[in-house]
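**Student:** here is a sequence together with a model predicted from it:
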Amino acid sequence: MRTKIKQIFTQSEKYQTQEVTIYGWVRTNRAQAQFGFLNVNDGSYFDNVQVVYESNLSNFEDISKFRVGVSVKVTGIVTLTPGMKQPLEIKATVVEMIGDCPENYPIQPKRHTREFLREVAHLRPRTNLFSAVFRIRSVAAMAIHTYFQERGYLYVHTPLITCADCEGSDQMFKITTLNMNQLPLDDDGRVDFKEDLFGKQAYITGSGQLHGETFAMAFSDIYTFGPTFRTENSNTKTHANEFWMIEPEMAFCDLEGLMDIEEEMLKFIVKYVIDKCPKEIDFCDQFVEKGLKSKLEAIINSDFKRVKHEDVITILKDAKVKWEFAPEYGEDIAKEHEKYITEHFGGPVFITDWPKDIKAYYMKLNPDGKTVAAVDLVVPQAGELMGGSQREDNLDVLLERMEQLGVDKNEIDWYLDTRRYGGCPHSGFGMGFERLIMYLTGVENIRDVIPFPRTPKNCNF
């Protein structure tokens, strides 16, 4: 029977002096005249297990030549070694090769640049860095589901194919079944989408929000968690064309209640990951971002400040700083501004009440008529982590805002029914999952927290 390496490490007293059979891949092989050491990893645990093989094994000479990357089956006795660098080892009685690995195997036991590892994205999970990153990603996903499920939220699978324009069709991928070399045209010479599969122009979703709101009007509290797509031709460290989003929507919830949920959720996720991934966090703290663990623990214990956008601009203007981008009332803030604000307040900051002219049509118009009940959460070092708002529940105001911003109400008339039929105050936010993983690991480039990143001019694998 196969025993996973995680079981041996986490239940070492149980397995002491017991015979076990493990399967895995060789990370290193140190062969000497009379004995040798294999470091083996099966993916179940961050640490490798050390396998000691001795010259009394019939295939000792063959084992000593096993290269890095070889897959093996090992049977042996578990021996605790509390005085050694590793807490335990396996004294092998049988070592068998399952799959050979040639000398030109790209993942050798040395430091590789992250740029190189992106070129072998299908192999990079076998390195310590990406073992840590993707294990943390998995646990963080579970933390998100746990948080919402324990609080009675409904998990909604919103469509990936949509005709609803939430983020702006200029940022959405268009899909079609039409023959691109022989497009059907209407009388005006435009593409006749009536001939297409859905009978109209369709997109790959940039957000599940609009569909999520309809479910919130029936279940009160819902969340979506899945892939989204944007066509931004951006090559920054924080942008990708395919990424995952968490988008909760809550009925009978105003902006203050929304911020309470955002803060509670983030603290829950951070603590969950610290508790479940101590080795991975320690590794990232040592090799990726010094002080990472302290930063994350500080988030858990922080009191998130709440400051209006106008007051933030005043603070920035009064600061004795030479800005690359001068802060202005009525305008967005830059990364340098976010960094300063979190340092100024000594922790995470909710920036609220944004100018309506730089925000979306569905955000609740404030009584001043100039701002909307929107909020961005900025955190130390990472900047913006979440963005949300109280949604405009007044149908007349919403229609007026849509007209001002040129949004075709006929395309999303079904969405307006959420205001026509039993509408109520409701709020929601979005958090990019990869931004969260970058914050949890200290990894600076979004390409290194997605298994197979999709960015401009890069759709390999």
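**Tutor:** Received the coordinates, thanks.
**Student:** against E96, how distant is the residue sitting furthest away from the middle of the chain?
**Tutor:** No residue in the chain sits farther from the centre than N56, which is 49.0 Å out by CA atoms, centre = their mean. Applying CB to CB, to the nearest Å, the value for N56 to E96 is 16 Å. From N, CA and C alone the C-beta is placed, and that goes for glycine too.
**Student:** list the buried ones in the strand or helix carrying E213?
**Tutor:** In this structure, E213 sits in helix 209-219 according to DSSP states H and E. By neighbour count on 16 or more other CB atoms under 10 Å, the buried set for helix 209-219 is 209-217.
**Student:** T75: what secondary structure?
**Tutor:** Here T75 is recorded as strand under DSSP: H, G, I helix; E, B strand; the rest coil.
**Student:** per-residue pLDDT, it?
**Tutor:** Note for T75: predicted pLDDT of 98.
**Student:** quick check: the closest residue to it other than its chain neighbours vs G442, distance?
**Tutor:** Excluding the flanking residues, the one nearest T75 by CB to CB, 6 or more residues apart in numbering is V94, at 4.1 Å. Computed as CB to CB, the V94 to G442 distance reads 41 Å.
**Student:** with Y329 instead?
**Tutor:** Per CB to CB, Y329 is found 34 Å from G442.
**Student:** if you count surrounding residues, which of the two has more?
**Tutor:** Using other CB atoms under 10 Å as the criterion, Y329 and G442 rank with G442 on top: 21 against 11.
**Student:** quick revisit: and the residue nearest to T75, backbone torsions?
**Tutor:** For V94, the backbone dihedrals (degrees, to the nearest 10) come out as phi -140, psi 130.
**Student:** quick one: the helices in the stretch 201-350 of the chain?
**Tutor:** Using DSSP state H, counting those that start in this stretch, the helices of the stretch 201-350 of the chain run over 209-219, 255-276, 278-287, 292-301, 309-318, 335-345.
**Student:** report the buried residues of the second one.
**Tutor:** Of the residues in helix 255-276, 255, 258-259, 261-263, 265-270, 272-274, 276 count as buried by neighbour count, 16+ other CB under 10 Å.
**Student:** T352 pairs with what?
**Tutor:** Beta bridges link T352 to K308, V375, judged by DSSP bridges.
**Student:** roughly how far out does the helix holding E213 sit from the chain middle?
**Tutor:** Offset of helix 209-219 from its chain centre (CA atoms, centre = their mean, to the nearest Å): 23 Å.
**Student:** which neighbouring elements make contact with it?
**Tutor:** Helix 209-219 sits against strand 221-229, strand 242-251, helix 413-420, strand 426-432, with contacts defined as 3 or more CB pairs under 8 Å, 6 or more residues apart in numbering; DSSP states H and E.
**Student:** output that helix as CSV, nothing but the C-alphas.
**Tutor:** Extracted in CSV, the C-alpha atoms of helix 209-219 (Å, rounded to 0.1, in the frame of the first residue of the first chain):
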residue,chain,number,x,y,z
GLN,A,209,-21.1,40.8,-11.1
LEU,A,210,-24.3,41.5,-13.0
HIS,A,211,-25.4,37.9,-12.9
GLY,A,212,-24.4,37.7,-9.3
GLU,A,213,-26.6,40.6,-8.4
THR,A,214,-29.7,38.7,-9.7
PHE,A,215,-29.0,35.8,-7.4
ALA,A,216,-28.4,38.1,-4.5
MET,A,217,-32.0,39.3,-5.0
ALA,A,218,-33.1,35.8,-4.3
PHE,A,219,-30.6,34.3,-1.9
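**Student:** and it, average pLDDT?
**Tutor:** On average, helix 209-219 scores 96.
**Student:** cool, stretch 444-453 as well?
**Tutor:** Stretch 444-453 shows a mean pLDDT of 96.
**Student:** give me the contacts around it.
**Tutor:** With contact meaning CB atoms under 8 Å, 6 or more residues apart in numbering, stretch 444-453 is reached by 114, 117-118, 121-122, 125, 129-130, 133-134, 137, 237-240, 242-243, 434-435, 437-438, 441, 443, 455, 460-461.
**Student:** which of these are buried?
**Tutor:** Applying 16+ other CB under 10 Å to the contacts of stretch 444-453 flags 117-118, 121, 125, 129-130, 133-134, 137, 238-240, 242-243, 434-435, 437-438, 441, 443, 455 as buried.
**Student:** can you flag which of those residues belong to strands?
**Tutor:** Using DSSP state E, the subset of the buried ones among the contacts of stretch 444-453 located in strands is 242-243.
**Student:** list the ones among the buried ones among the contacts of stretch 444-453 that fall in helices.
**Tutor:** Residues of the buried ones among the contacts of stretch 444-453 located in helices (DSSP state H): 117-118, 129-130, 133-134, 137, 434-435, 437-438, 441.
**Student:** tell me the one of those residues nearest K6?
**Tutor:** K6 lies nearest to F134 out of these, by CB to CB, at 15.3 Å.
**Student:** what pLDDT is listed against that closest one?
**Tutor:** We have a pLDDT of 98 for F134.
**Student:** check contacts around it.
**Tutor:** Contacts of F134 (CB under 8 Å, 6+ apart): 125, 451.
**Student:** quick revisit: how about the helices of the stretch 201-350 of the chain in a markdown table, adding distance to D376?
**Tutor:** Shown next, in a markdown table, are those (distance: least, CB to CB, whole Å):
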| stretch | distance to D376 |
| --- | --- |
| helix 209-219 | 16 |
| helix 255-276 | 10 |
| helix 278-287 | 26 |
| helix 292-301 | 16 |
| helix 309-318 | 9 |
| helix 335-345 | 8 |
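**Student:** low pLDDT regions in this protein?
**Tutor:** 165-169 (pLDDT under 70).
**Student:** thinking again about what came up before, which one among the buried residues of helix 255-276 gets closest to K370?
**Tutor:** Among the buried residues of helix 255-276, L255 lies closest to K370 (CB to CB), at 15.9 Å.
**Student:** thought the closest one was touching V372?
**Tutor:** No. Here L255 does not reach V372: they are 9.6 Å apart, not a contact under CB atoms under 8 Å.
**Student:** what's the overlap in contacts for these two?
**Tutor:** 364, 389.
**Student:** the closest residue to K200 other than its chain neighbours: what's it in contact with?
**Tutor:** Setting aside the residues directly before and after it, K200 is nearest to F193 in space (CB to CB, 6+ apart), at 5.2 Å. Counting by CB under 8 Å, 6+ apart, F193 touches 176, 178, 199-201.
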